[in-house]
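Trainee: I would like to see how this sequence folds:
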Amino acid sequence: IKHDYVLHLRNQVGVVRKVVETFFTRIIEEYGKKDRVLRIYKPVSIENAIYFPMKELYESLKNFEGMVQSEEDRIEITAAANRCMEFNNSIPAFLNQDLDGYVYWLEINEKKKFSRVVLQGVPINAAEELQEQVFSKIGRVVLTSATLTTHKSFDFIRERIGFDAQEQSILGSPFDYPNQALLYVSADLPEPSETMEKYASAMAKRCGELVEISEGKTFILFTSYALMDQVYDRLQPLSSKFSFLKQGEIPTGQMIQRFKKTSGVIFGTNSFWQGVDIPGDALKSVIITKLPFDVPSEPLTEARIEDLRRRSIDPFSHYQIPRAIIQMRQGFGRLIRKQSDTGVVSILDSRIARRGYGKQFLDSLPACEVVEDLMQVNFFLKLKKEV
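Mentor: Numbering: from 1, shown residues only. Predicted coordinates for the structure are as follows:
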């Protein structure tokens, strides 16, 4: 490899780094550096000074591919060149907003030494694109998941991803939910529309009661960091009795390992609703603090709601409820991971008992006894502990 060419590449990387820093500095100057998520409705009038330096770097990397002898190095160089090309395609698409059916927004996260800026462009409805680019090009496709259905129907997922299944079936669970699980619903708590002070205070009190009953061994699942922090702070007196682990304070893997060893309590948001697997006696209680509706002002959700309204379709029943049901089922699924597991899922959002749509959530969950009395929760856990 020619030493001069390596120096040439380093110089080009330096030029690209400078123009990228200048570009994102202009973004921050235009939209502010405070934490925010901001939907962008019209083309952005910031010059794209990145394009030509990035294009030159891409071309140099493609030339460099033929100079290296190692296949491993060649793969890395090709990947780097492709990232340059993708970047050069993405920036103009965001600035010009020239992709039909897309919603655009930016996310700014203020750090101690810098601000992190993310530019997003997402199709409002990906069904047609998925059908054309994926499903129509594959001979056979099998979709399998425990949470593909809402209200015992595949209609929602089929419409969202554009998959016209020739066969579909709902298979029974291997778990004996009526004997392994209990569902506690609290109809007496304030609704989320109450003031944060009143709502968080009542939520923390009930969470504390449930944690005491299960002797720790609890996941408390939230839909926002704000409520998680409020409840966590209010429950601090219990932290001397049970190990409290809050998402964001330590890496997730460490949290899980510590939780398994300490009969602890995990306070978690989005990532803990799915993909976390803790079978056995370490987890006996999952508390769902709020029905997991998407925030309607979040750009992608807002754009999808607007799209449905333009088509005279009710977004709440057609999109928001099914989305929340799928998330709820994923949260419920944290509890029972094998046939010997037992425990209680608690839903502390009183809307599930008070609102008409609450029945849709309950009907979509695994069949088990539903109670509204903490004494029954206590009795169930003691009974299963003795078995």
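Trainee: ok, D307 - contacts?
Mentor: The contact partners of D307, taken as C-beta atoms under 8 Å, 6 or more residues apart in numbering, are I124, N125. For every residue, glycine as well, the C-beta is placed using N, CA and C.
Trainee: phi, psi of it?
Mentor: Dihedral angles of D307 (phi, psi; degrees, to the nearest 10) stand at phi -60, psi -40.
Trainee: Please apply the same query to the one 10 residues further on.
Mentor: Here the main-chain torsion angles of S317 (degrees, to the nearest 10) amount to phi -80, psi -30.
Trainee: Repeat that for L119.
Mentor: In terms of degrees, to the nearest 10, the main-chain angles of L119 are phi -100, psi 130.
Trainee: Tell me which residues touch it, please.
Mentor: Residues in contact with L119 (C-beta under 8 Å, 6+ apart) are I27, S90, I91, F94, Y104, L106.
Trainee: S60 now?
Mentor: Residues in contact with S60, defined by C-beta under 8 Å, 6+ apart, are H8, L9, Q12.
Trainee: The second one touches F64, doesn't it?
Mentor: Read that as L9. Yes - with contact taken as C-beta atoms under 8 Å, L9 and F64 are classed as touching, separated by 6.5 Å.
Trainee: And those two? Which one has more around it.
Mentor: When neighbours are counted by other C-beta atoms under 10 Å, L9 and F64 differ, and F64 comes out ahead with 21 against 17.
Trainee: helix or strand for that one, which one?
Mentor: Assigned by DSSP states H and E, F64 falls within helix 51-65.
Trainee: Apart from its chain neighbours, what residue comes closest to D281?
Mentor: Excluding the flanking residues, the one nearest D281 by C-beta to C-beta, 6 or more residues apart in numbering is K217, at 7.2 Å.
Trainee: now L182: how far from G162?
Mentor: With distances defined as C-beta to C-beta, to the nearest Å, the gap from L182 to G162 amounts to 39 Å.
Trainee: Compare those two and say which is more crowded by neighbours.
Mentor: Each of L182 and G162 had its neighbours counted (other C-beta under 10 Å), and the higher figure belongs to L182 (25 against 18).
Trainee: what pairs with that one across the strands?
Mentor: V344, E369 (DSSP bridges).
Trainee: And for the residue lying closest to Q330 once chain neighbours are set aside, the neighbour number?
Mentor: Excluding the flanking residues, the one nearest Q330 by C-beta to C-beta, 6+ apart is Q274, at 4.2 Å. Q274 has 14 neighbouring residues, counting by other C-beta under 10 Å.
Trainee: try the one 5 residues further on
Mentor: Applying other C-beta under 10 Å, we find 13 other residues in the vicinity of P279.
Trainee: same thing with V295?
Mentor: 11.
Trainee: contacting residues for the closest residue to it other than its chain neighbours?
Mentor: Nearest-residue entry for V295: T301, 6.5 Å, with adjacent residues in sequence omitted and distances by C-beta to C-beta, 6+ apart. Residues near T301 by C-beta under 8 Å, 6+ apart: D294, V295, Q320.
Trainee: Columns secondary structure and pLDDT on top of those residues, output as a markdown table?
Mentor: Compiled in a markdown table, the contacts of T301 are given as follows (DSSP: H, G, I helix; E, B strand; the rest coil; pLDDT from 0 to 100):
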| residue | secondary structure | pLDDT |
| --- | --- | --- |
| D294 | coil | 94 |
| V295 | coil | 92 |
| Q320 | helix | 96 |
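Trainee: Would you format the residues you listed as JSON lines with distance to A126 included?
Mentor: Putting those into JSON lines (distance: C-beta to C-beta, whole Å) gives the following:
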{"residue": "D294", "distance to A126": "16"}
{"residue": "V295", "distance to A126": "20"}
{"residue": "Q320", "distance to A126": "17"}
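Trainee: Which single one of those residues is nearest to D35?
Mentor: In terms of C-beta to C-beta, no member of the contacts of T301 lies closer to D35 than V295, at 14.8 Å.
Trainee: Count the neighbours of the residue nearest to Y102 when sequence neighbours are not counted for me.
Mentor: Counting by C-beta to C-beta, 6+ apart, Y102 lies nearest to G121, which is 5.2 Å off, once chain neighbours are set aside. With neighbours defined by other C-beta under 10 Å, the count for G121 comes to 14.
Trainee: quick one: the residue nearest to Q330 from K246, how far?
Mentor: Q274 sits 19 Å away from K246, taking C-beta to C-beta as the criterion.
Trainee: Check F293 too.
Mentor: F293 sits 23 Å away from K246, taking C-beta to C-beta as the criterion.
Trainee: ditto for K111
Mentor: With the distance defined as C-beta to C-beta, K111 ends up 20 Å from K246.
Trainee: can you tell me the distance between the two ends of stretch 182-197?
Mentor: End-to-end distance for stretch 182-197, by C-alpha to C-alpha, to the nearest Å: 29 Å.
Trainee: what's the spacing between that stretch and its chain's center?
Mentor: Between the centre of stretch 182-197 and the centre of its host chain there is 23 Å, according to C-alpha atoms, centre = their mean, to the nearest Å.
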